[in-house]
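**Student:** Pasting the sequence and the predicted model now:
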Amino acid sequence: MSLIQLHESSRDRRFYDDSADLYAILKATETLEKAYARDAVGGEEYERLCVKLISQFKSTVSALKIDPSEFCTTYSADCPRAVNRLIHTGVPATTLHAQVDDNDESIRVAECVQFYITLMDSVRLEQRAADDLHPMLSDLMSSVTLIPGVPTDVTGSVERWLVRLNGMKAAEELDEEQGRELLFDLDKSYNGFHRFLK
């Protein structure tokens with residue numbers, strides 16, 4: 001029986017190795033998402049593993065220089081949960097839908113206000129790179145979801161911007177119009193948050 005050579009050069013071999021890694025990351029994320037949904041893995045463990053998989057995914061996709069959605073179609077990677085987590089939201093489910101324990105709520109509110117102000121000041125100072133804004137939006141979203149009963153009109157725009165920034169490359173920047181739109185949405189969300197607290 002003869003061996004089939006998949007590659008003719010080291011570049012081809014690297015492509016197939018990276019493609020195999022990407023496929024494995026997709027399948028691992030799908031399995032993790034199912035386990036979390038079935039409560040087979042705790043929130044902290046899930047978040048730790050999910051952040052690691054998201055990081056590996058972004059690194060592998062940038063090395064391959066391909067469209068991850070196209071990859072899933074081409075290689076029949078049927079992983080709807082993984083696609084949502086890795087391609088669309090880019091953050092663990094615990095960030096978007098935090099489970100609340102009964103710790104001091106005033107501390108969570110203070111942290112949330114702090115994240116709003118820091119993010120809005122950053123945008124006002126024309127900090128527009130995706131890799132600068134995404135972590136701050138993620139922190140804000142995590143903080144807001146820890147406060148029980150916050151309406152979706154407060155969290156909705158933050159989540160939309162989080163997804164939007166996740167779809168951008170790290171070095172990409174928002175243009176002036178997008179920066180103004182983000183600031184407007186944050187201000188609206190912040191005012192809605194204040195109304196909710198009253």
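**Tutor:** Okay, I see it.
**Student:** all contacts plus neighbour counts: C-alpha atoms, from now on.
**Tutor:** Fine.
**Student:** So in this structure, where's the weakest helix or strand by average pLDDT?
**Tutor:** Lowest by mean pLDDT, DSSP states H and E among the helices and strands of the chain is helix 93-96, with a mean of 80.
**Student:** quick one, what contacts residue 187?
**Tutor:** Applying CA atoms under 8 Å, 6 or more residues apart in numbering, we find residue 187 in contact with residue 120.
**Student:** Okay, it and residue 10: tell me how far apart.
**Tutor:** Going from residue 187 to residue 10 by CA to CA, to the nearest Å gives 51 Å.
**Student:** List the neighbours of the least confident helix or strand of the chain that are in contact with it.
**Tutor:** Counting by CA under 8 Å, 6+ apart, 43, 47, 85, 138, 141-142, 145, 159 sit against helix 93-96.
**Student:** Export the residues you listed as TSV, with columns for pLDDT.
**Tutor:** Shown next, in TSV, are the contacts of helix 93-96 (pLDDT from 0 to 100):
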residue	pLDDT
43	84
47	88
85	89
138	88
141	89
142	85
145	83
159	88
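**Student:** can I get the residues you listed in TSV with distance to residue 191, secondary structure and neighbour count?
**Tutor:** Listed next are the contacts of helix 93-96 as TSV, based on distance: CA to CA, whole Å; DSSP: H, G, I helix; E, B strand; the rest coil; neighbours: other CA atoms under 10 Å:
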residue	distance to residue 191	secondary structure	neighbour count
43	30	helix	16
47	30	helix	19
85	29	helix	22
138	19	helix	22
141	15	helix	25
142	18	helix	21
145	16	helix	22
159	16	helix	19
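**Student:** Just give me the neighbour total for the closest residue to residue 157 other than its chain neighbours.
**Tutor:** Leaving aside its chain neighbours, residue 157 sits nearest to residue 185 (6.2 Å; criterion: CA to CA, 6 or more residues apart in numbering). Residues near residue 185, counting by other CA atoms under 10 Å, number 19.
**Student:** residues of the helix or strand encompassing residue 185 that come out buried?
**Tutor:** Using DSSP states H and E, residue 185 sits within helix 176-197. Judged by neighbour count (16 or more other CA atoms under 10 Å), helix 176-197 contains these buried residues: 179, 182-183, 185-186, 189-190, 192-193.
**Student:** now that helix: mean pLDDT?
**Tutor:** For helix 176-197, mean pLDDT rounds to 93.
**Student:** before we move on, what about stretch 116-129?
**Tutor:** pLDDT averaged over stretch 116-129 gives 93.
**Student:** Go ahead and measure how far it is from the middle of the chain.
**Tutor:** On the basis of CA atoms, centre = their mean, to the nearest Å, stretch 116-129 sits 19 Å off its chain's mean C-alpha point.
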